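A.B. asks: here is the input, now give the coordinates:
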Amino acid sequence: MVWYFVKLLILLPLVGGMAFGALWLWRKYQPGMIAGQGDRSLRLLEALPMGAFGKLAVVEFEGKKILVAVTRGRIEKIAEGDHARLR
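C.D. replies: From the prediction side, this is the model:
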């Protein structure tokens, strides 16, 4: 019985640390995130969640900033330019 608690005290922090490390690595090296966009022609500058399924995103392509609305079944351009203005 004592051996069970010793193993529990050793393995529980080990498993928790491995889970934390895996989540940290996933967040750091997740494809498409801002940190991993060094030399791409298309870059995600900013994204803002709007409700449960939609978001507003500002992407940069060929030196232009484009404001797009993204939902589950659709991506729609809202505005374009260096200083995008909404309609």
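A.B. asks: got the residue ranges for the strands in this structure?
C.D. replies: Using DSSP state E, the strands of the chain run over 42-50, 54-61, 64-70, 75-80.
A.B. asks: in this structure, what helix or strand scores lowest on average pLDDT?
C.D. replies: strand 42-50 (a mean of 88; mean pLDDT, DSSP states H and E).
A.B. asks: off-centre distance for it?
C.D. replies: Centroid separation between strand 42-50 and its chain, computed with C-alpha atoms, centre = their mean, to the nearest Å, is 9 Å.
A.B. asks: same thing with stretch 12-25?
C.D. replies: 20 Å.
A.B. asks: ok so, going back, mean pLDDT lowest for which of the strands of the chain?
C.D. replies: Among those, strand 42-50 carries the lowest mean pLDDT, a mean of 88.
A.B. asks: output that one as CSV, restricted to C-alpha atoms.
C.D. replies: Provided in CSV are the C-alpha atoms of strand 42-50 (Å, rounded to 0.1, in the frame of the first residue of the first chain):
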residue,chain,number,x,y,z
LEU,A,42,0.2,35.8,-46.6
ARG,A,43,0.3,36.8,-42.9
LEU,A,44,-2.4,36.8,-40.2
LEU,A,45,-2.0,40.1,-38.4
GLU,A,46,-4.9,39.9,-36.0
ALA,A,47,-8.1,37.9,-35.3
LEU,A,48,-11.1,38.7,-33.1
PRO,A,49,-13.7,36.1,-32.2
MET,A,50,-17.3,37.3,-33.0
